[in-house]
Structure formats: structure tokens, C-alpha cells
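# need a structure here:
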Amino acid sequence: MMNKCAWILALAASLVVPTQVQAENRGCAQPKAGRYVVMERGVIGTEPTARLIQERWMPNGRITGIVFERTGQDSRRERYSGTYQVLSSCQVLVKRQLSSTTESTINVLNPNGEPVFGLATQPQTVISSRWFPQGPETCQASELNGVVLSRQSGLSWDGSRWQPNAVVQREVWDNGAVRGEAISSYNGRQEQASYTGDIKTQADCWARLTETDSKGVDYNYNAVLLSGGRGYIYLQNDATDLTLGLLERVSP
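Now for the predicted structure:
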């Protein structure tokens, strides 16, 4: 016969299991109003496309934002408005009214109601997105001070077609000035170079970054700093390079 102590332990264990199952299967909170930074990459028709976005979600379901987009060798930057609408407990439909079209994306939320990943729904479009919560505070270049590690990928135009590229970097920032080392692969051709540069940051966290490597090549980027000194995201502005990078600050 089970003694009283063993019976109590068995009863406690039986009560814990349903609680764990309930936590694993719970839905998400309502979509969280606030600012977000979005990096998007994919193809529209046959054209490679990448976007860097910062937008604000209002409690009433409205959206305002700024997008910098590269499509092939072309680029554009514009302000837009839109809406977000709950589809299910963990999915939201985002619609952006751009100058040339209305775009829509289905986003999956984390349990706190923040969008994390998204997928465009337009015909002949394959674009995925990653979202980052952005605090309400302003941004300063000094917040990047310390070591930043990065991973970027994209395409380079060789005069007749786009070729894949990928780069990893280690950077040291000091009040808006950077020095770093890059290890690159351009269509399988390995390169390594050092570089220096500087960033011009606006209070709304948008920035312009310029760099020159040890081979004398200049690079230009539109960027958004992640609030709290977490790092930054950039999209290259040079016509023959379409690259999108995530750079994460790892130490002060």
C-alpha cells in the first residue's frame, strides 16, 4: 500500500503536468504596439530585392514607417502608412501602402505579442522578414562602442548577372569611427581585408555608414541602429552590390 508521503508526491506530480502542457500550448498576447526594425530579403518576379524598414505600430492598428529598398540595381526610400490586423492568436497581417502598390505580410508573433518572422503574400513575390523590437529612445553612435560581430549575405553584379556573396566581420567602434576585418566569399572566391569607416546617426536611429577597405574600395550603406546599443542592420547602397547585414554588439 502507498504510504501517505508517497501519495502526496504522486498527486503533486500529476498536477504539474497539465500546467506545463498549458504553458507550451498557450496562445500569444495581443500585438504589441511600439517601434520595430525589419530586414527583408527575397525576389519580386525575377529581381532580387532587399529592404530595411523601421515602423511604428499604434494601439489602434495603424502603422507608419520608412523603408529603404533595393530591387536589382535600383534603390528607393519612402515614408508609408498601413495597418496590422489579427488573423489568429499568433498571426498578424501587415499591410503597407507604398507609392506604387499595397504590400501585405503575414507575421508570426512570440508569446509577448511581438512579430518575429514574416512572409510576403503578393503573387510572384518570395520575401521573408525578420523583426526586431525597437525601444522608444533615440540613438547615438557612441552606443556601438566596443566589439561588433556581423554576418551579411547578398549578391554582386558582375556585368551580366548577379553572383552570391557572403561576409563575416569583426569590428571595433569608437564614438562613430570603426575599424574592422572582413572575411568574404564572392561566388566562392575567398578574400580577406581590413577596413575603416564612420557612421552618421540621426536621432530616429537611421544612419549612413561609409567604409573603405585595404584594397581602396569604398562601400556605402543605409543603416538602422538597434536601440540599447544592441548593434545595427544595414543595406548596401552601391548599385552593383545588394547585401543585407546584421551586426551584433558583443562587448563594450
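
# tally of neighbours for K215?
9 (other CB atoms under 10 Å). Bear in mind the C-beta positions are built from the backbone N, C-alpha and C, glycine included.

# just the C-alpha atoms of stretch 210-227, please, in CSV.
Provided in CSV are the C-alpha atoms of stretch 210-227 (Å, rounded to 0.1, in the frame of the first residue of the first chain):
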residue,chain,number,x,y,z
THR,A,210,30.7,54.7,-45.3
GLU,A,211,33.7,52.3,-45.3
THR,A,212,37.0,51.9,-47.2
ASP,A,213,38.9,48.7,-47.2
SER,A,214,42.6,48.0,-47.5
LYS,A,215,42.2,47.5,-51.3
GLY,A,216,40.9,51.0,-51.7
VAL,A,217,37.3,50.0,-52.4
ASP,A,218,34.6,52.3,-50.9
TYR,A,219,31.3,50.9,-49.5
ASN,A,220,28.1,52.8,-48.7
TYR,A,221,25.2,51.7,-46.6
ASN,A,222,21.8,52.8,-45.2
ALA,A,223,21.6,51.5,-41.6
VAL,A,224,19.3,51.5,-38.6
LEU,A,225,20.8,51.2,-35.1
LEU,A,226,19.1,48.8,-32.7
SER,A,227,18.2,50.6,-29.5
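
# so what's the residue count around V94?
26.

# same check on the one 3 residues further on?
When counting by other CB under 10 Å, one arrives at 12 neighbours for Q97.

# do the same with the one 4 residues further on
Counted with other CB under 10 Å, residues neighbouring T101 total 9.

# go on, the one 5 residues further on?
I106 has 15 neighbours, counted by other CB under 10 Å.

# ok, now which ones touch the residue sitting nearest the centre point of the chain?
Per CA atoms, centre = their mean, the C-alpha nearest to the average position across the chain is that of M39, at 3.6 Å. Applying CB atoms under 8 Å, 6 or more residues apart in numbering to M39 gives the contacts 50-53, 129-130, 132, 233, 235, 244, 246.

# torsion angles phi and psi at P136?
The phi/psi pair for P136 (degrees, to the nearest 10) reads phi -80, psi -10.

# surely it and Y36 touch.
No: the pair P136 / Y36 is not scored as a contact, 11.9 Å apart, by CB atoms under 8 Å.

# what about the chain, any weak spots by pLDDT?
Applying pLDDT under 70 to the chain flags the ranges 1-26.

# can we see that at 50?
1-2, 5, 7-25 (pLDDT under 50).

# for stretch 205-216, buried residues please.
Under the neighbour-count criterion of 16 or more other CB atoms under 10 Å, stretch 205-216 has 205-207, 209, 211, 213 buried.

# repeat for stretch 122-142
Buried residues in stretch 122-142, defined by neighbour count with 16+ other CB under 10 Å: 125, 127, 129-134, 139, 141.

# right, and the pair among the contacts of M39 with maximum separation?
Maximum pairwise distance among the contacts of M39 (CB to CB): 15.7 Å, between A50 and F132.
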